[in-house]
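Chemist: Fold the stuff below for me.
(4 chains)
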Protein chains: 2
Amino acid sequence: METLTTRREHNKAVTRRSLAGAALRLAMEHGLDGVTVEDIADAAGVSRRTFSNYFTSKEDAVLDADRERLRALVAMVEARPAGEGAWQALRASTAELYRVRPLPDVEWMAQLRLLRRHPSLLARQAGDQVALERDLAAVLVLREPDEEAARLMAATFLTTIRTGIALWLEGAGAQELPDLVDRLLGRLQVQGT
Amino acid sequence: METLTTRREHNKAVTRRSLAGAALRLAMEHGLDGVTVEDIADAAGVSRRTFSNYFTSKEDAVLDADRERLRALVAMVEARPAGEGAWQALRASTAELYRVRPLPDVEWMAQLRLLRRHPSLLARQAGDQVALERDLAAVLVLREPDEEAARLMAATFLTTIRTGIALWLEGAGAQELPDLVDRLLGRLQVQGT
DNA sequence: GCAATTCTTGCGCGTCGTGCAAGTTTGCGC
DNA sequence: GCGCAAACTTGCACGACGCGCAAGAATTGC
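Modeler: Here you go, the predicted structure:
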């Protein structure tokens, strides 16, 4: 059993996962405001100072998995067949994401729901997405040469994802999230060129 | 010259405007990180504690005018002719907003540009918009009965506004912001029902 | 004018983010 | 293995922040 990467990178990845995991777990258990950075650091077995070396805030840590998911999505879009149109590539990648990396079990999601209502998390999530818009647009521009259109697509696409999650969290959750998101994506049309 | 509202409401409004104005001015002058809440409070002639009675953070205060603008926009959408479709009402209201409340002068905007690059402001702005999505969707639902579609429209509309501003800030600013935003809105189509 | 409501202020406390410097771990060439 | 350099962790210290609380000041309505 060898580490594929160097020991350093491996250790860092472990610490990061440990911190993000502890942040999410503790926040779901005690509420976001019921947890301090120190609690998270303790649970991960590192100092408060080290926490700050990885994340700038609790919110940052809690949403780490989310960001990682989105980055994976961008990579999937990039890997779609060359001929495929921009919006189609986005839709297909989204479906692929839910297939390849399904959501955790139901009661876990139930707790996550409560957590996600927290305003500072919503704000942070929105901010993260804004930061990703450029990267996504850069990938899209290969399929949609008009930069303005690519940028608009990236932004509205990410917002649609977020809206889908929001609706799903608000609703009884009767329907599956992937179906809901796909339906929303189908309603949207961004004209290029 | 009588105050139209009660003295209390008037005083509060004055203090709020004073704080928000000082926050924006000082932030443009020294950068967001170069200003403390205390600085802002001093400039507005109130205590640090009182600042917190109005705003929860610097970012909150700096973006106050922005939020107010958006709330005015929602009111405009509500006031559009009854027969008008949802998206059309949004587009028309946006144009109206730029007509009724034009942007301040050029050099003021130039400084604002620098300020707006600050990540914590972008995040906060995005968060503010998310908070407004519900209100906007509630107004839209009169014109677009499908709640899901109304919500999606609200979200993508606000994102388009934000994207327009972002593109405008990044670009040389050669074109007028209202034109840019309107063009983006024209590219987008949200299917109802 | 007076009592009730609302707003301001100062104080205190726990938390947060970060620069810094000392200590520890890891990587790598020899 | 050995030892040096780079990278990472940690504790410390500091300014700043957000907010609960209670006392004082302003405003309201009667």
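
Chemist: give me phi/psi at A:Pro81?
Modeler: phi -50, psi 140 (degrees, to the nearest 10).

Chemist: Could you do A:Gln189 as well?
Modeler: Dihedral angles (degrees, to the nearest 10) for A:Gln189: phi -140, psi 130.

Chemist: these two touch, right, it and B:Gln189?
Modeler: Yes - A:Gln189 is in contact with B:Gln189 according to C-beta atoms under 8 Å; the separation is 4.2 Å. Bear in mind the C-beta positions are built from the backbone N, C-alpha and C, glycine included.

Chemist: quick one, what contacts the residue nearest the centre of chain A?
Modeler: Nearest to the mean C-alpha position of chain A, by C-alpha atoms, centre = their mean, lies A:Asp66 at 2.6 Å. The neighbourhood of A:Asp66, defined by C-beta atoms under 8 Å, 6 or more residues apart in numbering or on different chains, consists of A:125, A:128.

Chemist: Output the set of residues of chain A in proximity to DNA strand C.
Modeler: Proximity of chain A to DNA strand C, by C-beta under 7 Å from any atom of the strand, involves residues A:6-9, A:11, A:36-38, A:48-49, A:52, A:56-58.

Chemist: What is the nearest of the residues you listed to A:Arg71?
Modeler: Set against A:Arg71, the nearest of these by C-beta to C-beta is A:Glu9 (16.8 Å).

Chemist: okay, now that closest one: neighbour count?
Modeler: The local packing of A:Glu9 (other C-beta atoms under 10 Å in any protein chain shown) involves 11 other residues.

Chemist: What of A:Leu114?
Modeler: 13.

Chemist: Give me the distance between it and B:Ile40.
Modeler: 34 Å (C-beta to C-beta, to the nearest Å).

Chemist: got a list of contacts for the helix or strand of chain A with the lowest mean pLDDT?
Modeler: Taking mean pLDDT, DSSP states H and E as the measure, helix A:106-116 is the helix or strand of chain A with the lowest mean score, a mean of 80. Residues from elsewhere that reach helix A:106-116 (C-beta under 8 Å, 6+ apart): A:27-29, A:31-32, A:62, A:103, A:121-122, A:165, A:169, A:173.

Chemist: Could you do stretch A:162-173 as well?
Modeler: Applying C-beta under 8 Å, 6+ apart, the contact partners of stretch A:162-173 are A:109, A:113, A:116-117, A:125-126, A:129, A:175, A:177, A:180-181, A:184, B:130, B:133, B:148, B:151-152, B:155-156.

Chemist: Provide a list of residues in contact with A:Gln175.
Modeler: Applying C-beta under 8 Å, 6+ apart, the residues near A:Gln175 are A:Trp168.

Chemist: Compute the number of surrounding residues for A:Gly186.
Modeler: Burial of A:Gly186 is recorded as 12 neighbouring residues (other C-beta under 10 Å).

Chemist: do A:Leu19 as well
Modeler: 25.

Chemist: What helix or strand is it located in?
Modeler: Secondary structure assignment for A:Leu19, by DSSP states H and E: helix A:7-30.

Chemist: could you give the angle of that helix to helix A:106-116?
Modeler: Here helix A:7-30 runs at an angle of 80 degrees relative to helix A:106-116 (axes from the mean of the first three to the mean of the last three C-alpha atoms, to 10 degrees).

Chemist: for chain A, what spans make up the strands?
Modeler: A:188-190 (DSSP state E).

Chemist: what pLDDT does A:Glu2 get?
Modeler: We have a pLDDT of 45 for A:Glu2.

Chemist: er, A:His118 actually
Modeler: With respect to pLDDT, A:His118 has a value of 88.

Chemist: Quick one: distance of the helix holding A:Leu19 to the chain centre.
Modeler: Chain-centre distance of helix A:7-30: 16 Å, with C-alpha atoms, centre = their mean, to the nearest Å.

Chemist: Helices along chain A, start to end?
Modeler: Assigned by DSSP state H, chain A shows helices spanning A:7-30, A:37-44, A:48-54, A:58-62, A:64-78, A:86-100, A:106-116, A:119-140, A:147-170, A:177-187.

Chemist: right, and those helices - which one's nearest B:Arg91?
Modeler: helix A:147-170 (14.6 Å).

Chemist: what's the distance between that closest one and the middle of its chain?
Modeler: 12 Å.

Chemist: buried residues in that helix?
Modeler: A:148-169 (16 or more other C-beta atoms under 10 Å in any protein chain shown).

Chemist: by how many degrees do it and helix A:177-187 diverge?
Modeler: Orientation check (the same axes, to 10 degrees): helix A:147-170 against helix A:177-187 gives 140 degrees.

Chemist: CA-only coordinates of helix A:147-170, as PDB, when you get a sec.
Modeler: Only the C-alpha atoms of helix A:147-170 are listed here, as PDB (Å, rounded to 0.1, in the frame of the first residue of the first chain):
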ATOM      1  CA  GLU A 147     -17.300  35.100 -24.700                       C
ATOM      2  CA  GLU A 148     -20.200  37.100 -23.400                       C
ATOM      3  CA  ALA A 149     -22.500  34.200 -24.100                       C
ATOM      4  CA  ALA A 150     -20.100  31.700 -22.500                       C
ATOM      5  CA  ARG A 151     -20.000  33.800 -19.400                       C
ATOM      6  CA  LEU A 152     -23.700  34.200 -19.200                       C
ATOM      7  CA  MET A 153     -24.100  30.500 -19.600                       C
ATOM      8  CA  ALA A 154     -21.700  29.700 -16.800                       C
ATOM      9  CA  ALA A 155     -23.400  32.100 -14.500                       C
ATOM     10  CA  THR A 156     -27.000  31.100 -15.200                       C
ATOM     11  CA  PHE A 157     -26.100  27.400 -15.200                       C
ATOM     12  CA  LEU A 158     -24.500  27.600 -11.700                       C
ATOM     13  CA  THR A 159     -27.500  29.600 -10.500                       C
ATOM     14  CA  THR A 160     -29.900  27.000 -11.800                       C
ATOM     15  CA  ILE A 161     -28.000  24.300 -10.000                       C
ATOM     16  CA  ARG A 162     -28.300  26.400  -6.800                       C
ATOM     17  CA  THR A 163     -31.900  27.100  -7.400                       C
ATOM     18  CA  GLY A 164     -32.600  23.500  -7.900                       C
ATOM     19  CA  ILE A 165     -31.000  22.600  -4.600                       C
ATOM     20  CA  ALA A 166     -32.900  25.500  -2.900                       C
ATOM     21  CA  LEU A 167     -36.300  24.300  -4.200                       C
ATOM     22  CA  TRP A 168     -35.500  20.800  -3.300                       C
ATOM     23  CA  LEU A 169     -34.500  21.700   0.200                       C
ATOM     24  CA  GLU A 170     -37.700  23.800   0.600                       C
END
